[in-house]
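Colleague: Build the 3D model from these lines:
(one chain, ligands or ions: 1)
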Amino acid sequence: MSLALADMTTEVVPPKQRALSPSSARNEYLRDRFHQLRSFTNRLCTGLEPEDYVVQSMPDVSPTKWHLAHTTWFFETFILKKFFPGYRSEIPEYAYLFNSYYNAAGDMHRRDLRGLISRPTVREAERYRASIDSHIDDLLSDADEQLLDEIEPNLVLGIHHEQQHQELLITDIKHVFAQNPLYPVFRERKLRTGAEKVSSVRFVDFEQTMASIGHDGDGFAYDNEGPRHQALVPAFSLASRPVTNGEYLAFIEDNAYTRPEFWLSLGWMTVNEQRWQAPLYWTKRDGDWWNFTLSGFRPVDESEPVTHISYFEADAYANWAGARLPTEFEWERAALDCPIEGNFAEDGSFHPHALSNSSDHRNLHLMFGDVWEWTRSAYSPYPGYRAAPGALGEYNGKFMCNQYVLRGGSCATSRSHIRRTYRNFFQPEKRWQFTGIRLARDPQ
Ligand SMILES: [Fe+2]
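Modeller: Residues are numbered from 1 along each chain as shown. As a prediction, the model looks like this:
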């Protein structure tokens, strides 16, 4: 599927000359980053069969094929159509099918009907990817410094955008596979058992302070991480680690799912409507809890961080435990001294690691990776925030309503994607992301 190159410049610089141009290192760097990103997405699909790529198991889930094409559309729309002279889409209809929510970029297909689209086929979607890759490659190879200055912000945004979709691809295929009584395995993985008994959680005290919140402008950040500003963070305590499955089991066994006193009103309504009795993907068999993982169906490991719970469940658990969820400012303040390391998508587990009670003597454990941590902060703009004009201004700002902020990344997030200031957000009833709980407390 080659794309029209009718008006392309005839001055193609041979590779050797290109290597001598002053911007070659930067061209190479951006091309490498782009290719690494794209090949990681392709590697995630290793082992999937064409039938797996097209299922939409609920409106929140997008088919794998759609992720592959939509991320490609993003580069086509915001880079090739803007910066590639004479560029023309070979199949303009893809813009309608693979635009997600950018009204300024034109009309779009209905999100909840993505699973009905059997054409383009998986192979055609892959060809679309390859074609856009090769055009981006040509564009980056030939761009001078001035053009790179213009392209780079959108290219880097496109890279981070696709990393978000890599995470969604993982969580979406998990939801798809979980519907299948055969429980397909996404990745064979040895069971990693944790400590027989996880040491009890500690609470780390933080003094009241005026904290600098938000991204400092050094390197990439989404617009919702700024403007950086001062915020008063009163004294609080933060749990040394996330809540484990074992601890969450105690909440279940205390019949907390049937006791309204722990629940927000909306949460209580949701629990009853949805008949929730445990985290998503948990099933009771012969008296024992099992859960579906991307490595198959297996008994719940009590030493793993609990995951696939809604904000409502996180909040109810905190109430039951005599604690609360942290605010996003408390979390960010506490994360200031924590290294950004942990179990991320690059590790290939796609499941939280069991806690090991290892020799890690830091105060706070597992702030990054494993599970996203719900905060009690509504997702809203920081003081002075204004969404940028145009389609890319729709990236974050228009979702600042009825959602809660999550921090820290998960086992499906790329390590190179997460930051201390990163604000993820979901509606309070969503459970299909790798979401978990870290407790906080007011001064005792
Ligand atoms: Fe997207």
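Colleague: Flag the shaky bits of the stretch 201-350 of the chain, pLDDT-wise.
Modeller: Within the stretch 201-350 of the chain, not a single segment meets pLDDT under 70.
Colleague: hey, where'd the helices end up in it?
Modeller: With DSSP state H, counting those that start in this stretch as the criterion, the stretch 201-350 of the chain has helices at 245-253, 265-274, 311-320, 328-335.
Colleague: In TSV: these, plus distance to residue 215 and mean neighbour count.
Modeller: From N, CA and C alone the C-beta is placed, and that goes for glycine too. Shown next, in TSV, are the helices of the stretch 201-350 of the chain (distance: least, C-beta to C-beta, whole Å; neighbours: other C-beta atoms under 10 Å):
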stretch	distance to residue 215	mean neighbour count
helix 245-253	33	18
helix 265-274	31	15
helix 311-320	24	24
helix 328-335	10	23
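Colleague: And for the closest residue to residue 248 other than its chain neighbours, the neighbour number?
Modeller: Nearest non-adjacent residue to residue 248, counting by C-beta to C-beta, 6 or more residues apart in numbering: residue 306, 4.1 Å away. Counted with other C-beta atoms under 10 Å, the neighbours of residue 306 add up to 27.
Colleague: so what's residue 442 up against?
Modeller: Residues near residue 442 by C-beta atoms under 8 Å, 6 or more residues apart in numbering: 235-237, 324.
Colleague: My guess is residue 203 contacts residue 240. True?
Modeller: Yes: between residue 203 and residue 240 there is a contact under C-beta atoms under 8 Å: 7.1 Å.
Colleague: Show me which of those two is the more surrounded one.
Modeller: Each of residue 203 and residue 240 has its neighbours counted (other C-beta under 10 Å); residue 240 has more, 20 against 16.
Colleague: How much space separates that one from residue 53?
Modeller: 41 Å (C-beta to C-beta, to the nearest Å).
Colleague: Wait, residue 278 touches residue 290, no?
Modeller: No: contact criterion C-beta under 8 Å: residue 278 and residue 290 do not qualify, at 10.3 Å.
Colleague: Do a quick rundown of the strands in the stretch 301-444 of the chain.
Modeller: 372-378, 404-407, 424-426, 435-436, 440-441 (DSSP state E, counting those that start in this stretch).
Colleague: I'd like to know which of these is closest to residue 338.
Modeller: Of all the strands of the stretch 301-444 of the chain, strand 404-407 sits nearest to residue 338, with 11.0 Å by C-beta to C-beta.
Colleague: Restricting to C-alpha, output that closest one in CSV.
Modeller: Extracted C-alpha coordinates of strand 404-407, given in CSV (Å, rounded to 0.1, in the frame of the first residue of the first chain):
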residue,chain,number,x,y,z
TYR,A,404,-10.0,10.6,39.4
VAL,A,405,-6.2,10.9,39.2
LEU,A,406,-4.0,7.8,39.4
ARG,A,407,-0.2,8.0,39.9
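Colleague: Let the chain start at 34 from now.
Modeller: I'll keep to 34 as the first residue from here, and by that count the last item is strand 437-440.
Colleague: List the pairing partners of that strand within its sheet, with orientation.
Modeller: strand 405-411 (antiparallel), strand 457-459 (antiparallel) (DSSP bridges).
Colleague: Let me know the angle separating the first one from helix 361-368.
Modeller: Right, the one you point to is strand 405-411. Strand 405-411 runs at 140 degrees relative to helix 361-368, counting by axes from the mean of the first three to the mean of the last three C-alpha atoms, to 10 degrees.
Colleague: the inter-axis angle of strand 405-411 versus helix 344-353?
Modeller: Put simply, strand 405-411 runs at 90 degrees to helix 344-353, going by the same axes, to 10 degrees.
Colleague: can you list contacts of strand 405-411?
Modeller: Contacts of strand 405-411 (C-beta under 8 Å, 6+ apart): 275, 344, 347-348, 357-364, 400, 436-443, 446, 457, 466-471.
Colleague: likewise the last one?
Modeller: For strand 457-459, the external contacting residues (C-beta under 8 Å, 6+ apart) are 344, 405, 412, 432, 436-440, 442, 466, 468.
Colleague: which one of the residues you listed sits closest to residue 107?
Modeller: Nearest to residue 107 among the contacts of strand 457-459, with distances taken as C-beta to C-beta, is residue 432, at 16.7 Å.
Colleague: ok so, going back, could you double-check that the residue nearest to residue 281 lies in contact with residue 283?
Modeller: No: the criterion here is C-beta under 8 Å, and residue 339 misses it with residue 283 at 11.0 Å.
Colleague: Could you pull out the residues contacting both of those two?
Modeller: Shared contacts of residue 339 and residue 283, counting by C-beta under 8 Å, 6+ apart, come down to nothing at all.
Colleague: buried subset of the contacts of strand 457-459?
Modeller: In these, burial by neighbour count holds for 344, 405, 412, 436-440, 442, 466, 468, counting by 16 or more other C-beta atoms under 10 Å.
Colleague: for those residues, which one is nearest residue 116?
Modeller: When the buried ones among the contacts of strand 457-459 are compared for distance to residue 116 (C-beta to C-beta), residue 442 wins out at 31.0 Å.
Colleague: tally of neighbours for the spatially closest residue to that closest one that is not a sequence neighbour?
Modeller: Using C-beta to C-beta, 6+ apart and skipping residues adjacent in sequence, the residue nearest residue 442 is residue 451, 3.7 Å away. Using other C-beta under 10 Å, residue 451 has 21 other residues around it.
Colleague: Contact partners for residue 451?
Modeller: So residue 451 contacts 373, 377, 401-402, 441-442 (C-beta under 8 Å, 6+ apart).
Colleague: Now the longest helix that the chain contains: buried residues?
Modeller: Looking across the chain with DSSP state H, the single longest helix is helix 178-211. Neighbour-count burial for helix 178-211 flags 181, 184-185, 187-188, 190-211 (criterion: 16+ other C-beta under 10 Å).
Colleague: Then stretch 314-327?
Modeller: Neighbour-count burial for stretch 314-327, counted by 16+ other C-beta under 10 Å, picks out 314-315, 322-327.
Colleague: got CSV for these, with distance to residue 153 too?
Modeller: Output for the buried residues of stretch 314-327, formatted as CSV (distance: C-beta to C-beta, whole Å):
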residue, distance to residue 153
314, 31
315, 37
322, 41
323, 38
324, 35
325, 30
326, 31
327, 26
